[in-house]
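K.L.:
This is a predicted model, with the sequence first.
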Amino acid sequence: LLDTAAAGVTLFNSSAWPRYAEPVFLVGRTESRWLDTKGLPVPSQLTDGGCWLAPSVLHPLEAVSFHAAASVAVESDNPFHYQEGQLDTPLYQIRWNKSGQLIRIWDRQQQRDVLAEPGNIFTVYEDKPLKYDAWDIEIFHVQKSRMITGLTAVTLTASGPLLAEVSFQWQDGESQIRQCMRVYRDSPRIDFVTDVDWLATNQLLKVRFPVAIRATEATYDIQFGNVRRSTTWNTSWDYARFESVVHQWADLSESNYGVSLLNDSKYGQAIKDNVMQLTLIKSAISPDPQADQGKHHFTYALLPHAGDWRQACVAHQAWFLNETLSVMPGILTKPLVYPIRLSHPCIQLDAIKQAEDEPALLIRMHEFTGGRQQVTLHSDYPLSRWVECDLMEQPEHIHTDSEPVSLSFLPYEIKTLKIYFTD
């Protein structure tokens, strides 16, 4: 399928949602000019270690090739403006203090502040639970805390037509934090790519963002859906849920504006009043006295948005942070034929795989917004029949008609389909 000798790359969008102008990093590529299959130029930006490429759109479950072309001197507008303590982007005005804490994020499009107080503050709490040192976090940990303020360096490491990066470095005792704040021309996401060399014990590291949002409930992403939790501690139940499990995102929204905190590998968040906190490192000493010692790499992102999390497609942005576009060397030798075509803003595609015990394709999806949805699936191959199954792939409803596959989803419903193709 791929001509790997050709000077180009193929990008694959594995999600069920289109991705617009999303920069993808091509490691080690030094070409500054790229063309799509129609010969049209694709925005790109050279940086240390490779090149950023931003196709205008990649449709769901689509693979597209891009050709490296001979470099031509072209003046590219740089929409980012950096000076000491501030970075202006097409979407934000960002300011930070001498401790590296963000003191202002001004949303240019919505004309409002994102932060109520300084944010992106690394906070260390004493973490000595009554038992189960590596598992429990007690509510009294908040009584003993300190902020990391030992900023040692700030550097603009990238700035071009697609994105800009500012690197921060902190020292805290023997531990060190290096972070790249990445902002984009077209995306409202503010990414914080973080490397930590952690050498503390019984210390709980969190990052906090006091946001300019007033809401009594926050929404947390979980498997196959989401849950809402109170942001106030008025009852014993609220106190017991001072920290909540979260998969890829948590959101705090008013009716017409909100802020989401996304992550790629950290699964505990606490939102009290207007303060959003993400737990990063625990460093317990039992049963493993060396737990969490050493190097960590993770990314979290702040996503201010108009409307609530549904209208802003927060789940899409969180998925894109976790599942970047796949990059394959080479050029497609012929158009691909796709076994399934699906696109719906409220339906997440969870899996496509071979059925366990017969020649059929298994597809699992779920509805994640809490509403009823009507979905249609298509295939480039002729279908003979399709079957609705349970989670164990046992048939429940057999449909003898072929395309299109029409499905009705209840709120938060999981559906598993078994697709049979004509021989």
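P.N.:
Everything's here; your move.

K.L.:
who's in contact with residue 156?
P.N.:
82, 87, 164-167 (CB atoms under 8 Å, 6 or more residues apart in numbering). C-beta coordinates here come from the backbone N, C-alpha and C atoms, glycine included.

K.L.:
confidence score at residue 7?
P.N.:
At residue 7, the model reports a pLDDT of 89.

K.L.:
That one is in contact with residue 68, isn't it?
P.N.:
Yes: shown here, residue 7 and residue 68 form a contact pair, counting by CB atoms under 8 Å, at 4.4 Å.

K.L.:
can you pull the contacts of residue 346?
P.N.:
Going by CB under 8 Å, 6+ apart, residue 346 touches 310, 367-369, 371, 373.

K.L.:
from those residues, which single one is nearest residue 17?
P.N.:
Proximity of the contacts of residue 346 to residue 17, judged by CB to CB, is greatest for residue 368, which lies at 11.7 Å.

K.L.:
What distance do you get for the closest one to residue 293?
P.N.:
Applying CB to CB, to the nearest Å, one obtains 37 Å for the distance of residue 368 from residue 293.

K.L.:
Same drill for the two, tell me which one is more crowded.
P.N.:
residue 368 (21 against 17; other CB atoms under 10 Å).

K.L.:
Dihedrals phi and psi, the more buried one?
P.N.:
phi -120, psi 0 (degrees, to the nearest 10).

K.L.:
list the contacts for it?
P.N.:
Contacts of residue 368 by CB under 8 Å, 6+ apart are 224-226, 315, 346-348, 412.

K.L.:
With residue 239 instead?
P.N.:
Residue 239 touches 139, 233, counting by CB under 8 Å, 6+ apart.

K.L.:
Beyond whichever strand or helix holds it, next helix or strand please.
P.N.:
Using DSSP states H and E, residue 239 sits in helix 236-240. Following helix 236-240 in sequence order, the next helix or strand is strand 244-245 (DSSP H and E).

K.L.:
ok, that following strand: who's next to it in the sheet?
P.N.:
In the sheet, strand 244-245 lines up against strand 268-272 (antiparallel) (DSSP bridges).

K.L.:
Just among the contacts of residue 346, which is most surrounded?
P.N.:
Most surrounded of the contacts of residue 346: other CB under 10 Å gives residue 367, at 23 neighbours.

K.L.:
And for that residue, nearest residue in space, chain neighbours not counted?
P.N.:
residue 409 (4.2 Å; CB to CB, 6 or more residues apart in numbering).

K.L.:
any idea how far the one you found lies from residue 371?
P.N.:
8 Å.

K.L.:
so where do the strands sit in the stretch 201-350 of the chain?
P.N.:
Per DSSP state E, counting those that start in this stretch, the stretch 201-350 of the chain carries strands over the ranges 203-210, 217-222, 225-230, 244-245, 249-253, 257-263, 268-272, 275-281, 294-306, 326-329, 331-332, 347-354.

K.L.:
would you list the ones you listed in CSV and tack on distance to residue 13, mean neighbour count and mean pLDDT?
P.N.:
Formatted as CSV, the strands of the stretch 201-350 of the chain follow (distance: least, CB to CB, whole Å; neighbours: other CB atoms under 10 Å; pLDDT from 0 to 100):
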stretch, distance to residue 13, mean neighbour count, mean pLDDT
strand 203-210, 30, 22, 98
strand 217-222, 21, 21, 98
strand 225-230, 23, 17, 96
strand 244-245, 28, 16, 94
strand 249-253, 19, 26, 98
strand 257-263, 18, 26, 98
strand 268-272, 28, 22, 96
strand 275-281, 27, 21, 98
strand 294-306, 19, 18, 98
strand 326-329, 8, 14, 96
strand 331-332, 14, 18, 94
strand 347-354, 11, 15, 94
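
K.L.:
Export those strands to CSV and append columns for distance to residue 155.
P.N.:
Shown next, in CSV, are the strands of the stretch 201-350 of the chain (distance: least, CB to CB, whole Å):
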stretch, distance to residue 155
strand 203-210, 20
strand 217-222, 33
strand 225-230, 38
strand 244-245, 35
strand 249-253, 29
strand 257-263, 24
strand 268-272, 29
strand 275-281, 22
strand 294-306, 19
strand 326-329, 27
strand 331-332, 37
strand 347-354, 38
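
K.L.:
Of all the ones you listed, which one comes closest to residue 188?
P.N.:
Using CB to CB, the nearest of these to residue 188 is strand 294-306, at 6.1 Å.

K.L.:
just checking, what packs against the closest one?
P.N.:
strand 102-107, strand 190-198, strand 257-263, strand 275-281, helix 314-322 (3 or more CB pairs under 8 Å, 6 or more residues apart in numbering; DSSP states H and E).

K.L.:
on that earlier part again, any idea of the mean pLDDT in the helix holding residue 239?
P.N.:
Mean predicted confidence for helix 236-240 is 92.

K.L.:
Tell me how far that helix lies from the chain's centre.
P.N.:
The chain centroid and the centroid of helix 236-240 are separated by 29 Å, computed with CA atoms, centre = their mean, to the nearest Å.

K.L.:
Could you export it as PDB, CA atoms only?
P.N.:
Taking Å, rounded to 0.1, in the frame of the first residue of the first chain, the C-alpha atoms of helix 236-240 are listed here in PDB:
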ATOM      1  CA  SER A 236     -20.500  14.600  53.800                       C
ATOM      2  CA  TRP A 237     -20.900  13.100  50.300                       C
ATOM      3  CA  ASP A 238     -19.200  16.200  48.800                       C
ATOM      4  CA  TYR A 239     -16.300  15.900  51.300                       C
ATOM      5  CA  ALA A 240     -15.900  12.200  50.400                       C
END
